[in-house]
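**Q** Here is my input, please return the structure:
(one chain, ligands or ions: 1)
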Amino acid sequence: MNDLQQTLTRLRDALGEAQVLTGDSISQRHYSDWTRHAPTCPAALLLPEDTEQVAAALRICNAAGQPVVPQGGMTGLAGGAVPRATDIALSLDRLQGIEEIDAAAATVTVKAGTALQDIQQAVTDAGFLFPLDLGARGSCQIGGNIATNAGGNAVIRYGMTRDLVLGLEVVLADGRVLNLMNKMIKNNCGYDLKQCFIGSEGTLGVITRAVLKMAPQPGQSTTLLCALPDYPSAVALLRRIQRSVGTPQAYELMWRDFFRMGVSWLENPVSPMPDHHPLYVLLESPASDETLQQTLEAALEAGEVVDAILASSQAQARSLWKIREATAEFPLRLAPLNFDISLPIGQIGDFADLCRERLDLRWPGNRSVYFGHIGDSNLHLTVDCHSLPQPAPVFEIEELVYSAVGELGGAVSAEHGIGLLKREFLHHSVSADAMQTMVALKNSLDPKGILNPGKIFG
Ligand SMILES: Cc1cc2nc3c(=O)[nH]c(=O)nc-3n(C[C@H](O)[C@H](O)[C@H](O)COP(=O)(O)OP(=O)(O)OC[C@H]3O[C@@H](n4cnc5c(N)ncnc54)[C@H](O)[C@@H]3O)c2cc1C
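**A** Numbers count the residues shown, from 1 in each chain. Below is the predicted model of the structure:
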């Protein structure tokens with residue numbers, strides 16, 4: 001029996017036959033994440049049913065020096081859960097369920113394999129809101145959300161996943177179970193170890209349970225579309241709204257090319273306002289129509305806004321959102337090379353100009369569109385590879401964009417993580433000393449390097 005066969009025998013003894021799959025019995029869902037990057041059947045798939053089985057599996061794999069790739073809902077956009085043929089995939093699919101909703105503490109305690117949507121629903125039924133929300137809500141798992149420090153739709157108001165986690169249970173590479181479960185807002189007992197695991201993309205430990213913060217349910221919101229004369233006005237308008245009516249639930253900036261494209265893809269492609277303005281912002285505010293109207297009038301007077309539509313019905317609000325939701329059509333209508341980057345909010349406008357200028361200089365006639373959650377300092381930029389010489393020079397474009405991000409002090413990943421796909425570009429945002437410190441942390445928690453090798457650092 002070779003080493004792998006011996007390890008599999010031990011795993012079957014500890015977890016049971018049904019929890020250790022190999023070959024054709026492994027569903028292709030476990031070959032790659034949403035990116036479909038390098039789909040590969042792992043050497044085996046483990047389906048532990050509780051924390052003790054996760055611990056037993058890691059103890060056995062660690063003793064054998066066997067690499068393990070933690071897998072959640074497989075909706076990641078950075079290749080973080082993609083296995084190699086020699087890796088064992090460890091899926092959290094069977095660790096599902098809400099353990100407790102504590103209304104006094106406003107917390108929900110969950111198992112790591114629970115789908116985000118199930119948590120949202122249970123929390124809503126209890127009269128609260130779980131504010132983490134993203135398009136993959138039905139398939140992604142809270143363990144994956146935590147491991148990637150996911151962002152999503154409501155970050156401007158509620159923060160990233162990191163801001164919503166109070167406690168964690170994590171199984172370390174050698175099988176020790178780290179109990180960091182906690183329901184208290186204030187807890188300053190030494191290092192806040194849970195933060196090391198949030199955003200660690202399965203490289204430091206396997207998350208098995210979590211305590212999450214619940215928020216009060218929001219009231220009704222008002223939808224507003226504004227045309228803006230320039231980028232500084234987008235920042236000034238955001239700050240004005242925050243001062244006068246509070247932080248909006250969404251603040252989505254669209255550059256003109258994106259806005260025109262979104263309108264042209266509507267079923268009825270008629271722009272709700274003239275489409276020659278440089279920028280458009282779609283915002284969702286908790287303020288009443290009248291209060292928002294007053295703020296809008298002041299913004300118009302100050303020249304921050306040049307045109308505006310306050311949605312007067314749910315149907316109108318939905319039709320305005322359809323323009324922003326053009327991104328869902330990208331895979332069908334473009335050959336999209338998508339970027340998820342962060343920059344200090346004041347510099348996002350300069351970055352978009354710089355990036356467009358450099359792309360145009362290098363590949364005249366290329367098509368790139370810009371849009372983003374700028375209140376979270378997050379810019380998305382998509383280059384349509386159909387508009388480039390073939391085969392599209394993907395690495396060259398990535399290097400051009402990420403080096404510009406580095407020049408302006410930004411982050412090459414705002415919310416999707418590094419995984420496999422951004423490893424070569426991490427140095428644009430992380431100094432050599434910071435990188436060494438990350439590697440030292442990895443080595444101390446996982447000295448044999450069995451957890452998700454090759455991810456983040458290469
Ligand atoms: C339609 C769509 C919309 C999306 N929108 C957003 C968005 O708005 N914002 C955003 O941030 N992301 C978004 N994403 C990306 C993705 O949904 C998130 O990254 C999500 O958090 C991944 O969760 P998952 O369970 O699918 O993790 P997976 O893809 O299975 O894994 C992701 C990473 O986490 C690790 N991991 C998974 N579970 C665990 C665990 N229990 N313990 C330790 N490590 C683990 C894996 O090893 C891997 O490195 C979107 C994806 C899709 C398909």
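**Q** make it CA atoms for all contacts and neighbour counts henceforth
**A** Will do.
**Q** Val405: neighbouring residues, count only.
**A** Other residues lying near Val405 total 23 when counted by other CA atoms under 10 Å.
**Q** Quick one: list the elements packing against the strand or helix carrying it.
**A** For Val405, the host element (DSSP states H and E) is helix 394-407. Contacts defined by 3 or more CA pairs under 8 Å, 6 or more residues apart in numbering; DSSP states H and E place helix 394-407 against strand 336-342, helix 348-362.
**Q** looking at those, which is buried most?
**A** Mean neighbour count (mean count of other CA atoms under 10 Å) peaks for strand 336-342 among those, with a mean of 19.
**Q** tell me the angle that one makes with helix 348-362.
**A** Interaxial angle, strand 336-342 versus helix 348-362 (axes from the mean of the first three to the mean of the last three CA atoms, to 10 degrees): 140 degrees.
**Q** So which other helices or strands are in contact with strand 336-342?
**A** Here strand 336-342 touches strand 378-384, helix 394-407, going by 3+ CA pairs under 8 Å, 6+ apart.
**Q** one more time with 7 Å, if that's ok
**A** strand 378-384 (3 or more CA pairs under 7 Å, 6 or more residues apart in numbering; DSSP states H and E).
**Q** Surely Val430 is in a helix?
**A** No. Counting by DSSP: H, G, I helix; E, B strand; the rest coil, Val430 falls outside a helix, being coil.
**Q** List the contacts of stretch 81-90.
**A** Stretch 81-90 is contacted from outside by 31-33, 40-47, 67-71, 74, using CA atoms under 7 Å, 6 or more residues apart in numbering.
**Q** Tell me where the protein has helices.
**A** 3-15, 51-64, 116-125, 142-148, 155-158, 194-197, 231-245, 256-264, 289-301, 314-324, 330-333, 348-362, 394-407, 432-445 (DSSP state H).
**Q** related to what we said a few turns ago, could you flag which of the contacts of stretch 81-90 are buried?
**A** Buried by 16 or more other CA atoms under 10 Å: 31-33, 40-47, 67-71, 74, out of those.
**Q** filter those by proximity to the ligand?
**A** Residues of the buried ones among the contacts of stretch 81-90 in contact with the ligand (CA under 6 Å from any ligand atom): Asp33, Val69, Pro70, Gln71, Met74.
**Q** The fourth one and Arg94 touch, don't they?
**A** Looking back up the chat, that one is Gln71. No. When contacts are counted by CA atoms under 7 Å, Gln71 is not listed as touching Arg94 (11.4 Å).
**Q** returning to that earlier point: with just CA atoms, put the helix holding Val405 into CSV.
**A** Only the C-alpha atoms of helix 394-407 are listed here, as CSV (Å, rounded to 0.1, in the frame of the first residue of the first chain):
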residue,chain,number,x,y,z
VAL,A,394,-4.5,38.4,-20.0
PHE,A,395,-1.3,38.4,-17.9
GLU,A,396,-0.1,41.6,-19.5
ILE,A,397,-3.4,43.4,-18.8
GLU,A,398,-3.4,42.1,-15.2
GLU,A,399,0.1,43.3,-14.7
LEU,A,400,-0.8,46.7,-16.1
VAL,A,401,-3.9,47.1,-13.9
TYR,A,402,-2.3,45.7,-10.7
SER,A,403,0.9,47.7,-11.0
ALA,A,404,-1.3,50.9,-11.3
VAL,A,405,-3.2,49.8,-8.2
GLY,A,406,0.2,49.4,-6.4
GLU,A,407,1.4,52.9,-7.6
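**Q** Can you tell me which of the helices of the chain is nearest to Val281?
**A** Among the helices of the chain, helix 231-245 comes nearest to Val281, with 7.5 Å by CA to CA.
**Q** if we can go back for a sec, looking at the helices of the chain, spot the one closest to the ligand.
**A** Proximity to the ligand (CA to the nearest ligand atom) singles out helix 142-148 among these, at 3.2 Å.
**Q** Show me how far the closest one is from its chain's centre.
**A** Distance of helix 142-148 from the chain centroid (CA atoms, centre = their mean, to the nearest Å) equals 9 Å.
**Q** what packs against that helix?
**A** Here helix 142-148 touches no other helix or strand, going by 3+ CA pairs under 7 Å, 6+ apart.
**Q** Give me the contact list for that helix.
**A** 72-73, 112-116, 161, 197-202, 207, 416-417.
**Q** Of these, which ones also sit close to the ligand?
**A** Restricting the contacts of helix 142-148 to those near the ligand - CA under 6 Å from any ligand atom - leaves Gly72, Gly73, Ala112, Glu201, Gly202, Ile207, His416.
**Q** The fourth one - how many residues pack around it?
**A** Same thing as Glu201. 32.
**Q** The second one now?
**A** Under the neighbour criterion other CA under 10 Å, Gly73 is assigned a count of 27.
**Q** Next up, phi/psi of the closest residue to it other than its chain neighbours, please.
**A** Spatially, and ignoring its direct neighbours in sequence, Gly73 is nearest to Cys140 (4.3 Å; CA to CA, 6 or more residues apart in numbering). Backbone dihedrals for Cys140, given as degrees, to the nearest 10, come out at phi -70, psi 160.
**Q** so what's the closest residue to Leu58 other than its chain neighbours up against?
**A** Leaving aside its sequence neighbours, Leu58 sits nearest to Gly175 (CA to CA, 6+ apart; 5.0 Å). By CA under 7 Å, 6+ apart, the contact set of Gly175 is Ala55, Ala56, Leu58, Arg59.
**Q** what about stretch 273-292, start to end distance?
**A** End-to-end distance of stretch 273-292: 19 Å, with CA to CA, to the nearest Å as the criterion.
**Q** Who wins on neighbours among the contacts of Gly175?
**A** Counting neighbours by other CA under 10 Å, Leu58 leads those with 28 neighbours.
**Q** Give the buried residues for stretch 267-282.
**A** By 16+ other CA under 10 Å, the buried positions in stretch 267-282 come out as Asp275, His277, Leu279, Tyr280, Val281, Leu282.
**Q** Same question for stretch 163-177.
**A** Buried residues in stretch 163-177, counting neighbours by 16+ other CA under 10 Å, are found at 164-177.
**Q** May I have it exported as PDB, CA atoms only?
**A** Once non-C-alpha atoms are left out, stretch 163-177 reads as follows in PDB (Å, rounded to 0.1, in the frame of the first residue of the first chain):
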ATOM      1  CA  ASP A 163     -17.100  43.000  11.200                       C
ATOM      2  CA  LEU A 164     -19.900  40.500  11.600                       C
ATOM      3  CA  VAL A 165     -18.000  37.700  13.300                       C
ATOM      4  CA  LEU A 166     -17.800  37.600  17.100                       C
ATOM      5  CA  GLY A 167     -16.500  34.100  17.700                       C
ATOM      6  CA  LEU A 168     -15.100  31.100  15.800                       C
ATOM      7  CA  GLU A 169     -14.300  27.500  16.300                       C
ATOM      8  CA  VAL A 170     -11.300  26.400  14.200                       C
ATOM      9  CA  VAL A 171      -9.500  23.100  13.700                       C
ATOM     10  CA  LEU A 172      -5.800  23.600  13.300                       C
ATOM     11  CA  ALA A 173      -3.600  21.600  10.900                       C
ATOM     12  CA  ASP A 174      -2.600  19.100  13.600                       C
ATOM     13  CA  GLY A 175      -6.200  18.500  14.600                       C
ATOM     14  CA  ARG A 176      -6.300  20.700  17.800                       C
ATOM     15  CA  VAL A 177      -9.700  22.400  18.100                       C
END
